[in-house]
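Undergrad: how does the following fold in three dimensions:
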Amino acid sequence: MSSVKKDFRGVKCPVNFAKTKLVLAGMKKGEILELLIDDGSAIENLPGSVEKEGHEVLSKEPVGDGGWCIIIKK
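TA: Reported below is the predicted structural model:
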């Protein structure tokens, strides 16, 4: 299974969600997106928004710099 990695740290809400939607639109069903985002509103809003779009959030893990790594299955 192929995966895509994107670093959207520093990208504000809701722009990070719009960019995530564009990446997911170019992916095939079953592919994995590894996404780095900031703490705060990004981690509070983005996972739920992605799930509302029909994707599966497999994990949400904090990373050492105050950000988060989210694994999303299209």
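Undergrad: quickly list what the residue nearest the centre of the chain is bridged to.
TA: Among the residues of the chain, the one closest to the centroid is Leu35, at 4.3 Å (Cα atoms, centre = their mean). Using DSSP bridges, the beta-bridge partners of Leu35 come out as Lys6, Ile70.
Undergrad: mind starting the numbering at 6 from now?
TA: Will do, 6 is the new start, and the previous item becomes Leu40.
Undergrad: flag the shaky bits of this protein, pLDDT-wise.
TA: 6 (pLDDT under 70).
Undergrad: at 80 what do you get?
TA: 6-7 (pLDDT under 80).
Undergrad: just to revisit the earlier point, hang on, the residue nearest to the centre of the chain packs against Ser8?
TA: No. Look at Leu40 against Ser8 with Cβ atoms under 8 Å: they stay out of range, at 10.6 Å. Every residue, glycine included, has its C-beta placed from N, CA and C.
Undergrad: so what's the residue count around the nearest residue to Val68 once chain neighbours are set aside?
TA: With Cβ to Cβ, 6 or more residues apart in numbering as the measure, Cys74 is the residue that lies nearest to Val68, at 5.3 Å, once sequence neighbours are left out. Other residues near Cys74 number 15, with proximity taken as other Cβ atoms under 10 Å.
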